[in-house]
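**Student:** predicted model follows, preceded by the sequence.
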Amino acid sequence: MRKKVNLGLQGKKMVELKTKKTVASVQAFIRRTDAKRHDDCQTVLEIMSKATGEKPVMWGTSIIGFGTYDYKYASGREGSGPVVGFSPRKQNLTLYIMAGFSDYESLLARLGKHKTGKSCLYINKLADVDLKVLAKLVEKSVKYMRKTYVTR
């Protein structure tokens, strides 16, 4: 699928973001997952709802997000994203911890079986991790995002 391109004020190409809020049903999306992943999604929904006080919203076609933060890069590119979110992928449950992980090494050491990317936490199944530690990680990330970025 080709990305839409808009011309900015100075004639520069700007790529339209595909990952933005939609009105799609979160529960309908989760119902399409297998039974094991479905239960994990419900648990993560509870953890993230409690940490943010927000209702879940679909971002694009496959990310469930909570809250919104605005960002602007040095290049001038700006946009919005979920404060925290997740996606039930085929290989794993991907949690989007937008604060990254550099300040959370002690929590990660106690979390259980996982992998990380820049802002992604990959978990095969929630049974592999300590849910109290996961909830604490999400809470700390949300606090950081709200302190550091404009959130709505």
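**Tutor:** Received it, and whenever you're ready, just let me know what you need.
**Student:** center of this protein - which residue?
**Tutor:** Of all residues in the chain, the one closest to the mean position by C-alpha atoms, centre = their mean is Gly85, 2.4 Å from it.
**Student:** which residues does that residue bridge with?
**Tutor:** Gly65, Tyr96 (DSSP bridges).
**Student:** list the contacts for it?
**Tutor:** If a contact means C-beta atoms under 8 Å, 6 or more residues apart in numbering, then Gly85 has Met48, Trp59, Ile63, Ile64, Gly65, Phe66, Leu95, Tyr96 as its contacts. No exception for glycine: its C-beta is placed from N, CA and C like everyone else's.
**Student:** format those residues as CSV; extra columns: neighbour count and pLDDT.
**Tutor:** CSV is the format used below for those (neighbours: other C-beta atoms under 10 Å; pLDDT from 0 to 100):
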residue, neighbour count, pLDDT
Met48, 27, 98
Trp59, 24, 96
Ile63, 19, 97
Ile64, 23, 98
Gly65, 28, 98
Phe66, 25, 97
Leu95, 23, 98
Tyr96, 22, 98
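**Student:** can you pull the pLDDT of Gly8?
**Tutor:** What the model reports for Gly8 is a pLDDT of 43.
**Student:** use 23 as the first number for this chain going forward.
**Tutor:** New numbering, starting at 23: the last item is Gly30.
**Student:** where along this protein do the helices fall?
**Tutor:** Counting by DSSP state H, the chain has helices at residues 48-53, 57-74, 127-133, 153-170.
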